[in-house]
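**Q** Prediction below, plus the sequence it came from.
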Amino acid sequence: MEFVLFILIIVNIYIVLTISLNLILGYTGMISVCHAAFMGIGAYVTTILMMNYQWSFLATLPLVLLFAVAISTLFGVASLRVKGDHYIAVSFGIQFIVMSLMINLAFTGGSNGFAGIPKPEILGFRFQSNFSCFLLSLIFMLLCLWFTARLAKSPFGLILKAIREDEMAAEALGKNIVFYKVAVFIIGCSLAALAGSFFASIVSFIDPFTFSLEESIFISCLVIIGGSGNIQGALVGVPLLIAFPEILRFLNIPSTVAAPLRQIFYGLLIIFFMRFRPQGILSEIRRKP
Amino acid sequence: MSIFAVEKVSKSFGGLKAIVDLSFGIEEKTINSLIGPNGAGKTTAFSLITGFLKPDAGKVLFRGKEITGLPPYQIVNMGIVRTFQEVRALNKLTVRENILVGLRETHEQNLIQATLRGKNLGSGMMKKIDKLIEFAGLEEVAEELAENISYAEQKLMILSRALATDATLLLLDEPASGLDQKSILRMMDLLRQLVEDGKTVLIVEHNMDVVIHISDYVVVLDFGHKIAAGTPDEIRCDQRVIQAYLGVC
């Protein structure tokens, strides 16, 4: 039961990562491979403040947001003003810079990262048990889901889709393309950073490799398989891709076989989806009844 | 005084002079046509006016203000909107959503309003969209994806979408091309109706019947130069125009 709760916590956090990337990738059509880096920024800011400066969990969140907004604004304004797909390369760069800073800075714990990060504490209540942490992650996920779904269905979300469909047409209708791209990048990356904060404090352990390029690409796969351009897709896609492979643990398979089996499972699933259901499990366009 | 004027505008692409010293003005509440053979620079002129290209020299004036070199979105917000020859429908959006994206109100909404209101547009925006759908006669296909409607319907849709921006000067790139005779007459009626409602129209058009019947004023381009301008009747008998383009009088 404890293990199931732990998996559900991870599912909740990855749902937030997936819906926030969906705004960038699925709605606006910007391919971004630095989502795990922003998750890492949140995780490290929260961890360092909690462990080295004894901040409370809640108090670290505004600073996490500030960091995420500052960094995404800097890179967003620099790269998104230029038309075209240069942004992919920039996001690749962000991913590597953040990763190498995590490994090499004096205060980030090197390749070992941090262990024994305090559990989240909100207004004097410490979320010690897995069940309470699960509830916390659930509330966090539902808040993010509400915010993202609202935004996605509003005219703002529609303008993002318009930019994806035809940038020039959107521009000719009076939309400031650069503003929308930078705004959605900041929103998506900030949510990812918050997810990283919850991840660090709840899981109690982080190292740089948790936030690698592979992880960023994995989150992109979650978006595509769940259904890009459909926020609810994450609710189906994430449990499938995160929880299902864990079932392998309950089968009598040695872990040396289980780990590669999981990789193979992901690989096959992605190929399967690209071939038979490229629009993902929940497609963007719902058919009329 | 002209509501809109282009003064000595030039644009080259490398060694190719696309527009050379182009000047013309248009009056409020009129229909104007920009004509000329293929490659004369008509669409380039549209792009220069609407900020998609920056002129090498010259000025673009709208309601007495200089708008040269402003980004497209600012020019739209000042009241000039363009459509494209190649339609540029937002395919995965419905007809209604296409028009909604055009609404000026959508980019005046801030993020907090957007989050709090979600898909609830409020009666003001809803009414405006319904009116635009009705204007173009798209009621039956309003909930269809833009990629699933006919070409003629798409042309009507992008006209409605452009109108949604509240612009008063409409630059329409070949509004009648590819349409059957009935749709062409329909489009001409709509354009006349727009002028009655206070809009000013500038079209690029190849169909001379349309140009002659609908225009108050015609500007003729050839190899980037303005070779004539005047009423349709004046243009029809202008020797240089006949040589360059029409071949009939």
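**A** It's in.

**Q** quick one: the strands in the chain?
**A** Defaulting to chain A. A:114-115, A:121-122, A:125-126, A:205-206 (DSSP state E).

**Q** oops, I was thinking of chain B
**A** Using DSSP E, strands in chain B cover B:4-13, B:16-26, B:31-35, B:57-62, B:65-66, B:80-82, B:169-173, B:200-204, B:217-222, B:225-230.

**Q** Which one of the ones you listed lies nearest to chain A?
**A** Chain A lies closest to strand B:80-82 among the strands of chain B, at 5.6 Å (Cβ to the nearest Cβ). In this view, the C-beta of every residue, glycine as well, is placed from N, C-alpha and C.

**Q** And the closest residue to residue A:104 other than its chain neighbours, how far from chain B?
**A** Once flanking residues are discounted, residue A:104 sits nearest to residue A:110: 7.5 Å by Cβ to Cβ, 6 or more residues apart in numbering or on different chains. Noted for residue A:110: a distance of 39 Å to chain B, by Cβ to the nearest Cβ, to the nearest Å.

**Q** next one: residue A:51
**A** Counting by Cβ to the nearest Cβ, the gap from residue A:51 to chain B is 34 Å.

**Q** That residue: neighbouring residues, count only.
**A** Residue A:51 has 16 neighbours, counted by other Cβ atoms under 10 Å in any protein chain shown.

**Q** Next up, the contacts around it.
**A** Residues in contact with residue A:51, defined by Cβ atoms under 8 Å, 6 or more residues apart in numbering or on different chains, are A:114, A:116-118.

**Q** Kindly recompute the last result at 10 Å.
**A** Contacts for residue A:51 were tallied using Cβ atoms under 10 Å, 6 or more residues apart in numbering or on different chains; they are A:109, A:114-118, A:200.

**Q** what about stretch A:91-110, distance to the chain center?
**A** Centre-to-centre, stretch A:91-110 and its host chain are 17 Å apart (Cα atoms, centre = their mean, to the nearest Å).

**Q** Same check on stretch B:37-57?
**A** The mean C-alpha position of stretch B:37-57 is separated from the chain mean by 13 Å, Cα atoms, centre = their mean.

**Q** Check whether that stretch comes near chain A.
**A** Yes - applying Cβ under 10 Å from any Cβ of the partner chain, one finds stretch B:37-57 in contact with chain A at B:50-52.

**Q** burial count for the closest residue to residue A:40 other than its chain neighbours?
**A** Sequence neighbours aside, residue A:211 is the residue nearest to residue A:40 in space, at 3.1 Å (criterion: Cβ to Cβ, 6+ apart). With neighbours defined by other Cβ under 10 Å, the count for residue A:211 comes to 29.

**Q** what does residue B:233 give?
**A** So residue B:233, with other Cβ under 10 Å, has 10 neighbours.

**Q** surely it meets residue B:212?
**A** Yes - using Cβ atoms under 10 Å, residue B:233 is in contact with residue B:212, at 8.4 Å.

**Q** Spit out the residues that contact those two alike.
**A** residue B:218.

**Q** For the stretch 101-250 of chain A, which residues are neighbours of chain B?
**A** Counting by Cβ under 10 Å from any Cβ, the stretch 101-250 of chain A comes close to chain B at A:146-159, A:161-180, A:183, A:187, A:229.

**Q** at 6 Å what do you get?
**A** Contacts of the stretch 101-250 of chain A with chain B, taken as Cβ under 6 Å from any Cβ of the partner chain, map to A:150-151, A:153-156, A:158-159, A:162, A:165-166, A:169, A:171-176.

**Q** Could I have the buried ones of those residues as PyMOL selection syntax?
**A** Selection of buried members from those for PyMOL, criterion 16 or more other Cβ atoms under 10 Å in any protein chain shown:
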select buried, chain A and resi 150+151+153+154+155+156+158+159+162+165+166+169+171+172+173+174+175+176
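
**Q** Mind naming the longest helix for chain B?
**A** Criterion DSSP state H: the longest helix present in chain B is helix B:181-196.

**Q** who touches residue 60 in this structure?
**A** Defaulting to chain A. A:46, A:49 (Cβ atoms under 6 Å, 6 or more residues apart in numbering or on different chains).

**Q** switch to chain B, that's the one I care about
**A** By Cβ under 6 Å, 6+ apart, residue B:60 lies in contact with B:6, B:49, B:67-68.

**Q** mind listing what residue A:279 touches?
**A** Not one residue lies near residue A:279 by Cβ under 6 Å, 6+ apart.

**Q** State which one residue of the stretch 1-150 of chain A is found closest to chain B.
**A** Closest point on the stretch 1-150 of chain A to chain B, by Cβ to the nearest Cβ, is residue A:150, at 4.3 Å.

**Q** quick one: that residue and residue B:114 touch, right?
**A** No - taking contacts as Cβ atoms under 6 Å, residue A:150 lies outside contact range of residue B:114: 7.6 Å.

**Q** ok, and what's touching the longest helix of chain B?
**A** B:29, B:31, B:152, B:175-176, B:201, B:214.

**Q** again, but for stretch A:199-213
**A** A:9, A:13, A:36, A:39-40, A:43, A:46-47, A:57, A:95, A:99, A:102-103, A:113-115, A:117, A:120, A:133.

**Q** picking up where we left off before, which of the contacts of helix B:181-196 sits closest to residue A:219?
**A** residue B:152 (43.1 Å; Cβ to Cβ).

**Q** what about residue A:70, neighbour count?
**A** Residues near residue A:70, counting by other Cβ under 10 Å, number 12.

**Q** Any idea how many residues pack against the closest residue to residue B:178 other than its chain neighbours?
**A** The shortest distance from residue B:178 to any non-neighbouring residue, by Cβ to Cβ, 6+ apart, is to residue B:151 (5.7 Å). As a burial measure, residue B:151 scores 14 neighbours (other Cβ under 10 Å).

**Q** Just the pLDDT at residue B:151, thanks.
**A** Here the pLDDT value assigned to residue B:151 is 95.

**Q** Using CSV, write out every CA atom in stretch B:196-206.
**A** Below are the C-alpha coordinates for stretch B:196-206, written out as CSV (Å, rounded to 0.1, in the frame of the first residue of the first chain):
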residue,chain,number,x,y,z
GLU,B,196,-22.0,51.4,-46.2
ASP,B,197,-21.2,50.4,-42.7
GLY,B,198,-18.3,52.8,-42.7
LYS,B,199,-15.3,50.6,-43.7
THR,B,200,-12.7,51.4,-46.3
VAL,B,201,-11.6,48.6,-48.6
LEU,B,202,-8.4,48.0,-50.7
ILE,B,203,-8.3,44.9,-52.7
VAL,B,204,-5.8,43.1,-54.9
GLU,B,205,-7.7,41.4,-57.7
HIS,B,206,-7.1,39.7,-61.0
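
**Q** in that stretch, what counts as buried?
**A** Under the neighbour-count criterion of 16+ other Cβ under 10 Å, stretch B:196-206 has B:199-205 buried.
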